[in-house]
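Engineer: Kindly generate the corresponding structure for this input.
(one chain, ligands or ions: 1)
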Amino acid sequence: MSEAIARVALRLEKVARIYEQGGATLRVFEDLDLEVREGEMVALVGHSGAGKSSLLHIAGLLERPTGGSVEIGGRDCTALDDAGRTAVRRADIGFVYQFHNLLPEFTAQENVALPHMIAGYSKASSMQEAERLLSKFGLGARLTHRPPELSGGEQQRVAIARALANHPKVVLADEPTGNLDPGTSRAVFAELLDVTRTEGAAALIATHNLDLAGQMDRLVLIHDGAIREGAEIAKHYHSL
Ligand SMILES: Nc1ncnc2c1ncn2[C@@H]1O[C@H](COP(=O)(O)OP(=O)(O)OP(=O)(O)O)[C@@H](O)[C@H]1O
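Structural biologist: Presented below is the predicted three-dimensional model:
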């Protein structure tokens with residue numbers, strides 16, 4: 001991937017997250033800048049409480065920053081109202097949580113098809129797209145299983161396929177394999193990177209696992225409210 005031609009899929013500029021609670025002010029981060037380019041896989045690391053989830057929620061338009069701007073696919077989303085933010089979220093962002101949040105009464109295929117249908121596609125084409133994606137995760141023979149009939153690793157693969165269903169520009173994931181055993185976690189993480197890459201999305205993935213983070217194109221550390229990269233990270237490795 002050439003830095004010169006890859007466009008920015010996600011741009012956070014001078015974003016702030018400040019919590020006011022019980023008269024106390026908590027400045028999680030301020031003036032934070034981060035760019036993720038098309039097709040780029042970026043690992044977000046930092047100690048517990050550093051602000052990884054807060055950053056992902058702001059990048060995913062789930063929360064508004066207390067300052068700064070968020071751009072998705074070249075579009076400044078800062079001034080959008082709630083309906084506009086929801087529309088961008090549905091069209092351009094795929095979110096993977098640590099716990100899959102699948103709907104237990106629907107099959108794997110229906111869970112993946114739903115976001116596609118909500119985006120306006122027919123049921124038939126959404127189910128077809130879901131089958132295509134689930135097959136990429138080796139779940140072609142599990143289409144009609146409901147989440148309780150799937151293993152933990154399979155459930156998380158379905159959740160990742162669901163996040164990719166609308167061909168998002170950006171995939172955001174918060175400890176996406178954090179509840180899996182180490183072997184399954186490695187396998188599912190590798191598939192997440194592989195399929196996200198081949199689907200052409202960018203990814204920003206928060207993880208405490210430095211081995212998994214090392215498989216990505218770039219590693220960024222959030223520490224003391226700022227993003228640090230490259231040699232600077234080594235100084236703070238002890239805090240991870
Ligand atoms: N709704 C809230 N109100 C007040 N403070 C909050 C709120 N949400 C998060 N915080 C605080 O903001 C800080 C950053 O939290 P965040 O969840 O983003 O950290 P994290 O890096 O994802 O941590 P972990 O790795 O433990 O999940 C923490 O100190 C947390 O207590």
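
Engineer: Quick check on the residue most central in space within the chain: phi, psi?
Structural biologist: Taking Cα atoms, centre = their mean, the centroid of the chain lies closest to L172, which sits 1.1 Å from it. Dihedral pair for L172: phi -120, psi 130, per degrees, to the nearest 10.

Engineer: Just list whatever residues bridge to it.
Structural biologist: For L172, the beta-bridge partners are F95, L204 (DSSP bridges).

Engineer: And it, what's its pLDDT?
Structural biologist: The model reports L172 with a pLDDT of 98.

Engineer: got a list of what it touches?
Structural biologist: L172 makes contact with 56, 59-60, 93-96, 203-205, according to Cβ atoms under 8 Å, 6 or more residues apart in numbering. Where C-beta positions appear, they are placed from N, C-alpha and C, glycine not excepted.

Engineer: With G140 instead?
Structural biologist: So G140 contacts 131, 134 (Cβ under 8 Å, 6+ apart).

Engineer: and the gap between it and F189?
Structural biologist: Distance, G140 to F189, using Cβ to Cβ, to the nearest Å: 21 Å.

Engineer: can you check A213 too?
Structural biologist: 10 Å.

Engineer: And stretch 11-18, what's buried?
Structural biologist: By 16 or more other Cβ atoms under 10 Å, the buried positions in stretch 11-18 come out as 11-13, 15-17.

Engineer: Please narrow the residues you listed to those residing in strands.
Structural biologist: Among those, the members found in strands (DSSP state E) are 11-13, 15-17.

Engineer: From those residues, pick the one nearest I72.
Structural biologist: When these are ranked by distance to I72 (Cβ to Cβ), R11 comes first, at 8.2 Å.

Engineer: residue ranges for the helices of the chain, please.
Structural biologist: Using DSSP state H, the helices of the chain run over 52-59, 82-92, 108-118, 123-136, 152-164, 182-198, 210-213, 231-236.

Engineer: quick one: which of those is nearest the ligand?
Structural biologist: helix 52-59 (3.3 Å; Cβ to the nearest ligand atom).

Engineer: does any part of the closest one sit near the ligand?
Structural biologist: Yes: if you take Cβ under 6 Å from any ligand atom as the test, helix 52-59 does meet the ligand, through 52-54.

Engineer: Let's see if you can find the most crowded of those.
Structural biologist: Scoring these on neighbours with other Cβ atoms under 10 Å, the highest-scoring entry is K52 at 23 neighbours.

Engineer: Wait, that one touches A206, no?
Structural biologist: Yes: K52 lies in contact with A206 (Cβ atoms under 8 Å); the separation is 4.0 Å.

Engineer: what do those two both touch?
Structural biologist: 44-46, 174.

Engineer: out of the residues you listed, who's near the ligand?
Structural biologist: G46.

Engineer: Enumerate the residues of this structure near the ligand.
Structural biologist: Going by Cβ under 6 Å from any ligand atom, the residues of the chain near the ligand are 19, 21, 26, 28, 46, 48-54.

Engineer: In strands, which of the residues you listed appear?
Structural biologist: Per DSSP E, those map to strands at 19, 21, 26, 28.
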